[in-house]
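# here is my input, please return the structure:
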Amino acid sequence: MVKYKLETIKRKKEFELLFQQGKRFYRDNISAVVLPKSQSELEAEKFLVRYAVQVSRKVTKKAVVRNRIKRLLRESIRKLAKEDMNEKLFIFKYIFLNWSSAPKRPCEIHLADVFPFAHSVLEDAYSFFSKNLARGEN
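The predicted model follows:
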């Protein structure tokens, strides 16, 4: 089992770099902006990923529901780093997840409702960047 480290993105410059140079991926209820590591970063910070999550007020007016979705998105990233996409997740320097649709039953949203979307969008991002890494691009 690989030792992983997840940190949240906090600095404005990190967000600016992510949104300027990052690649966007979309799935039904979720979008992701990811930035892969360079070759030197892959060796130096091999098991470190910085991430952020967002749920807009336009999705739902209730802060309780937005905060629950954010907690579930963060837990999804932790679960992916720990088990499902263990080594795949660490080619990314930054990950930004944005939930973009209101749940049908806000009082009953669970990890099983959020996790598959986070997994699929990050799997898409991994497959895109791993093809580019295989070709030698970055």
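
# please make it C-alpha for all contacts and neighbour counts, starting now.
Will do.

# in the least confident helix or strand in the chain by mean pLDDT, what's buried?
Lowest by mean pLDDT, DSSP states H and E among the helices and strands of the chain is helix 39-44, with a mean of 83. For helix 39-44, burial by neighbour count (16 or more other Cα atoms under 10 Å) applies to L42.

# and what of stretch 122-132?
L122, A125, Y126, F129, S130.

# what are the ranges of the strands in the protein?
In the chain, the strands defined using DSSP state E lie at 5-8, 23-26, 30-36, 48-55, 92-99.

# which residues touch the second one?
The one in question is strand 23-26. S31, A32, V33, V34, L35, V121, D124, A125 (Cα atoms under 8 Å, 6 or more residues apart in numbering).

# the same query, at a cut-off of 7 Å, please.
By Cα atoms under 7 Å, 6 or more residues apart in numbering, the residues outside strand 23-26 that reach it are S31, A32, V33, V34, L35, V121, A125.

# for the third one, same thing?
Contacts of strand 30-36 from elsewhere in the structure, counted by Cα under 7 Å, 6+ apart, are 18, 21-26, 91-100, 117, 121.

# so what are the sheet partners of it and their directions?
Partners of strand 30-36 in the sheet, by DSSP bridges, are strand 23-26 (antiparallel), strand 92-99 (antiparallel).

# roughly how far apart are the spatially most central residue of the chain and C107?
Nearest to the geometric centre of the chain sits I95, at 4.1 Å (Cα atoms, centre = their mean). Computed as Cα to Cα, to the nearest Å, the I95 to C107 distance reads 27 Å.

# next: I77.
Between I77 and C107 the computed distance is 22 Å (Cα to Cα).

# next one: F96
In this structure, F96 and C107 are 25 Å apart, going by Cα to Cα.

# so how far is the longest helix along the chain off the chain centroid?
Longest helix in the chain, counting residues (DSSP state H): helix 111-135. Put simply, helix 111-135 sits 9 Å off its chain's centre (Cα atoms, centre = their mean, to the nearest Å).
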